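Participant: need coordinates for the below:
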Amino acid sequence: MKRRGELLRRQTGICIFTWKARQGYDKIALLHPAGDYYNRKAQNKMKLLITGGTVFVSKFTASYFAGRGHEVYVLNRGTRPQAEGVNLIKADRNSLGSALCGMYFDAVIDVCAYKEADINNLLDAGIKFDDYVLISSSAVYPETLPQPFNERQPIGKNSIWGDYSSGKVGAEVCLTSRYPNAYVIRPPYLYGPMQNLYREPFVFECADLKRKFYIPGDGEMKLLFFHVEDLCRFIYIILKQHPDNHIFNVGNTQPVSISTFAELCYRAAGAPLEKVFVKDHPNQRDYFSFHNYEYLLDVSLQNEIMPEQKDLYCGLKESYEWYKSNKEEVRKKPYIDFIDRNFQ
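Facilitator: Numbers count the residues shown, from 1 in each chain. Okay, here's the model as predicted:
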């Protein structure tokens with residue numbers, strides 16, 4: 001086994017290791033040869049801290065890694081059911097106290113950092129780790145930049161996403177200044193099982209109700225998606241390969257038109273689709289689950305280490321199968337009411 005540091009002393013089966021951590025200070029661990037550390041390394045498993053863990057991306061991520069035998073800890077307030085097989089650290093990220101003090105993790109997967117303070121609160125909590133992966137967002141690219149957006153472009157506020165964009169920019173800047181070895185992942189629209197946002201679930205609901213589907217404009221606006229399982233696969237690859245690049249756009253290689261997206265969702269639900277194209281309503285968010293904003297990402301760096309992504313239809317089928325049994329978990333919006341009042 002490749003040791004991270006020098007073996008200093010061996011007494012009664014207890015090994016004392018010290019190594020220079022990426023944070024820039026010495027860490028000391030007391031490890032028994034037959035203990036958890038050795039077992040994890042021998043089995044190629046990791047001890048992970050995942051922020052959140054109760055809805056969509058964070059919950060799926062926790063389930064994904066726990067289901068593959070990794071030792072997963074989730075940090076949340078404990079107000080919702082936890083994913084199976086995880087260890088709960090019950091605490092509010094904004095008032096951590098000693099909840100994380102002295103704890104060591106092979107990696108932190110930070111799904112729920114939405115602003116600079118979220119990063120500072122975690123890094124100042126006395127936590128120790130080897131790797132840090134931040135799930136950021138493609139919303140950090142100002143909409144005025146040339147497309148497709150690439151990782152070398154400057155980040156800044158995107159007016160479409162408003163405060164969400166500004167917060168994600170602040171989180172990235174804070175983390176990369178305090179811990180330059182962190183990995184930052186910038187996804188587009190995430191989809192898949194456990195989706196609690198009313199995006200593809202809205203289309204699924206319309207399909208289940210055998211409704212016509214109202215599509216903005218000519219239906220050719222492009223959307224870019226990424227399956228939540230592909231996101232987890234990519235995180236795992238990063239943690240195992242430690243690529244030299246530390247900032248990655250992720251997403252399907254090919255975008256899809258909103259018209260085709262509706263077709264795939266109805267097909268996944270096993271329902272016939274009748275399209276109605278809306279030409280003369282100024283705000284598509286009144287009746288449609290995506291902003292009037294088309295953008296593309298350059299995902300060539302992603303494809304160098306993970307060239308294959310889940311087929312969009314297959315991913316939507318998985319999402320629909322979850323939706324059928326978990327409709328109550330979706331945060332609905334009044335799109336259908338608006339359509340019935342204005343377009344019927």
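
Participant: packing partners for the helix ranked longest in the chain?
Facilitator: Taking DSSP state H as the criterion, the chain has its longest helix at helix 162-178. Packing contacts for helix 162-178, counted by 3 or more Cβ pairs under 8 Å, 6 or more residues apart in numbering; DSSP states H and E, involve helix 116-123, strand 128-135, strand 183-186. For the C-beta atoms, the positions are set from N, CA and C on the backbone; glycine is no exception.

Participant: go again with 6 Å.
Facilitator: If you count contacts as 3 or more Cβ pairs under 6 Å, 6 or more residues apart in numbering; DSSP states H and E, helix 162-178 packs onto helix 116-123.

Participant: give me the buried positions along the helix it packs on.
Facilitator: Buried residues in helix 116-123, counted by 16 or more other Cβ atoms under 10 Å: 116, 118-119, 121-123.

Participant: from those, pick the one nearest Asp337.
Facilitator: Of all the buried residues of helix 116-123, Asp337 sits closest to Asp118, with 34.3 Å by Cβ to Cβ.

Participant: which pLDDT value does the model give the closest one?
Facilitator: If you check Asp118, the pLDDT there is 98.

Participant: then Thr12?
Facilitator: pLDDT, Thr12: 32.

Participant: between the buried residues of helix 116-123, which sits nearest Arg267?
Facilitator: Asp118 (38.7 Å).

Participant: could you measure from that closest one over to Leu231?
Facilitator: From Asp118 across to Leu231, the span is 19 Å (Cβ to Cβ, to the nearest Å).

Participant: mind listing what's buried in the longest helix of the chain?
Facilitator: 164-172, 174-176.

Participant: circling back: redo the buried residues of helix 116-123 as CSV? Include distance to Gly270.
Facilitator: Formatted as CSV, the buried residues of helix 116-123 follow (distance: Cβ to Cβ, whole Å):
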residue, distance to Gly270
Glu116, 45
Asp118, 41
Ile119, 44
Asn121, 46
Leu122, 44
Leu123, 48
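
Participant: which among those gets closest to Ile185?
Facilitator: Ile119 (14.7 Å).
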